[in-house]
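Visitor: Quick check, what structure comes out for this input:
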Amino acid sequence: MAVSLVPELGIRNNTYYYHTSDGYYFHKYKEVGNASYYRCTTGTCDARGILRSHSRDFELRYGHNHCPCPEFIEYMRQRRHLIIEAGTMTDSDAMQLFSPDRNFPFQHELTLESLRTSIQRERLSNVPEEPISIPLLNDILAQPLFQSVLCSISDGNEPLYKGSRRSNDGTTVILLMSGRCSEVLKAVPSLYAFTLTLPIKDTPSNFQIHVIGTLLDGYSVPLAFLLLERDTSLAYTCGLSLLRDKITAWNFRSVVVSCNDNNIRDSYRQVFAINIDISLDHYILEIGKLVKNLLPMEKLNELETMHFLQLCVGLPMVPQNLLECAINVLKTEIFKRADDVLRHIFGLILLNIEMRWIRCPIKGPMFSASGNREKTSDAMETLKGTIMNHIPYAGTGLYTYLRAVRRIEGASGETLTKMRTAQRSTQRRYSLSEDAEIVALTNILIRFFGDFATPLQNLMKVVATKRWHVFLKSQQ
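Guide: Residues are numbered from 1 along each chain as shown. This is a model prediction of the structure:
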């Protein structure tokens, strides 16, 4: 018997549902040649149908695996109505919309949880056009509705947006941080911090993301993000003050900063009254610049140069009370093998290290990482790598950067959950180089320092992993 297909207006503009007056409904999903193809609106049903242009008979292929639903259109209209209405509300207000007291049709099937994904999609469609500056982004994030869409982490409904402030020079700073990471931030003994300068799409402007993280049981964990309109001392002080007021208490006594900006270090000292350590990569970069400025190119590849630079990299592992002895080791063991030119240049480099990093008359020793593996390992590089794996290609919009921060913070939450439930994967193990040169250099310090084992093991590891890093930096 011939079966006619009846179109019925859908719940969106220019959309249709199709049925055969038997309670089963179809979508048209493609047209090929002179035929239109249909499938059942129930996603788990295998029923398919064909309607050929020269015929009015609807050919059903494969039967339905569910009962007919004559109220399907009414159900979809009620569903669409709830999604649109909830899309203009926050979750707390939407809960009232789905309250059992309202007694709306299909109440048991249409719940807030079952429609959450569709509601979020509706909210996202209502988000304003992508902003082109941090102040405009802040105006959007300040609205609770858009917080839940743009900066809620994947494992919960808590928005990352923790407020904003304007510094005395008019710079807007936004703080992004989850509640779980806030609790960790209060408890950790030390932090790492670095700043990324990123361009904004379709504008000549840049903005800064200041990342604050830590290392927990071998895991690199980003904890908080400051979005800065401009890279100024007042902006950093303002942003860190906002962070301080949000966490209210903290246990960290030092921060390793990867930058050459005294303003950032001074802001940390001013706001948190803590010690500032310079990250190893910054120290290595400084040595590389000295080598580039002082050493002739033909001397860069000489063995004595590499010996000297490798031992300089190991200086942060030496206790403060033995730093002068370590300098004497360098002079004794390296200078005697160098020619007059290298001896003079090595002397200038050591003098710079002593005056800038060890005997700084104003700020005191700029590094002291003895006995703290985290400060002397590649924790900072690991943290940067974690961030850069998520940060999109430069030149994307602020919403894209914001989604990247959400993914990073969500990953941090998953890491903290693994640690809390003791379901950790095997921690990264650092292999020591068997290179004969490194072993020989380490033996020099072993003879001098005796059984001072821990810093020597760190020295071996750092020299092994940073050996060519120093050389490459020196040629930039």
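Visitor: so Leu141 makes contact with Gln147?
Guide: Yes. Contact criterion CB atoms under 8 Å: Leu141 and Gln147 qualify, at 5.9 Å. All C-beta atoms are positioned from the backbone trio N, CA, C, and that covers glycine.
Visitor: what touches both of these two?
Guide: Listed as contacting both Leu141 and Gln147 by CB atoms under 8 Å, 6 or more residues apart in numbering are Tyr161.
Visitor: Quick one: end-to-end distance for stretch 47-61.
Guide: Criterion CA to CA, to the nearest Å; first-to-last residue distance in stretch 47-61 is 6 Å.
Visitor: which other residues reach it?
Guide: 2-5, 20, 24, 26, 34-40, 62-65.
Visitor: So for it, what gets flagged as buried?
Guide: Going by neighbour count (16 or more other CB atoms under 10 Å), the buried part of stretch 47-61 is Ala47, Gly49, Leu51, Phe58, Leu60.
Visitor: try stretch 165-179
Guide: For stretch 165-179, a neighbour-count test (16+ other CB under 10 Å) marks Arg165, Ser167, Thr171, Thr172, Val173, Ile174, Leu175, Leu176, Met177, Ser178 as buried.
Visitor: Any idea how far apart the tips of that stretch sit?
Guide: Stretch 165-179: ends 19 Å apart by CA to CA.
Visitor: need the buried residues of stretch 165-179 in JSON lines with distance to Glu130, secondary structure and pLDDT, can you?
Guide: Conversion of these to JSON lines gives the following (distance: CB to CB, whole Å; DSSP: H, G, I helix; E, B strand; the rest coil; pLDDT from 0 to 100):
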{"residue": "Arg165", "distance to Glu130": "23", "secondary structure": "strand", "pLDDT": "96"}
{"residue": "Ser167", "distance to Glu130": "24", "secondary structure": "coil", "pLDDT": "94"}
{"residue": "Thr171", "distance to Glu130": "21", "secondary structure": "coil", "pLDDT": "95"}
{"residue": "Thr172", "distance to Glu130": "17", "secondary structure": "strand", "pLDDT": "96"}
{"residue": "Val173", "distance to Glu130": "20", "secondary structure": "strand", "pLDDT": "97"}
{"residue": "Ile174", "distance to Glu130": "15", "secondary structure": "strand", "pLDDT": "97"}
{"residue": "Leu175", "distance to Glu130": "21", "secondary structure": "strand", "pLDDT": "97"}
{"residue": "Leu176", "distance to Glu130": "17", "secondary structure": "strand", "pLDDT": "95"}
{"residue": "Met177", "distance to Glu130": "23", "secondary structure": "coil", "pLDDT": "93"}
{"residue": "Ser178", "distance to Glu130": "23", "secondary structure": "coil", "pLDDT": "89"}
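Visitor: where along the stretch 51-200 of the chain do the strands fall?
Guide: 58-61, 161-166, 172-176, 190-199 (DSSP state E, counting those that start in this stretch).
Visitor: right, so of these, which gets closest to Glu324?
Guide: strand 190-199 (25.8 Å; CB to CB).
Visitor: ok, which stretches of the stretch 251-400 of the chain are strands?
Guide: Under DSSP E, counting those that start in this stretch, the stretch 251-400 of the chain gives strands at 254-258, 275-278.
Visitor: ok, of those, where does mean pLDDT dip lowest?
Guide: Least confident of the strands of the stretch 251-400 of the chain, judged by mean pLDDT, is strand 275-278 with a mean of 70.
Visitor: so where's the stretch 101-250 of the chain uncertain?
Guide: By pLDDT under 70, the low-scoring segments of the stretch 101-250 of the chain are 154-157, 218.
Visitor: 90 instead?
Guide: 101-127, 130, 143-159, 178-181, 187-206, 213-222, 231, 250 (pLDDT under 90).
Visitor: Show me what counts as buried in stretch 121-139.
Guide: Buried residues in stretch 121-139, counted by 16+ other CB under 10 Å: Glu122, Arg123, Glu130, Pro131, Ile134, Leu137, Asn138.
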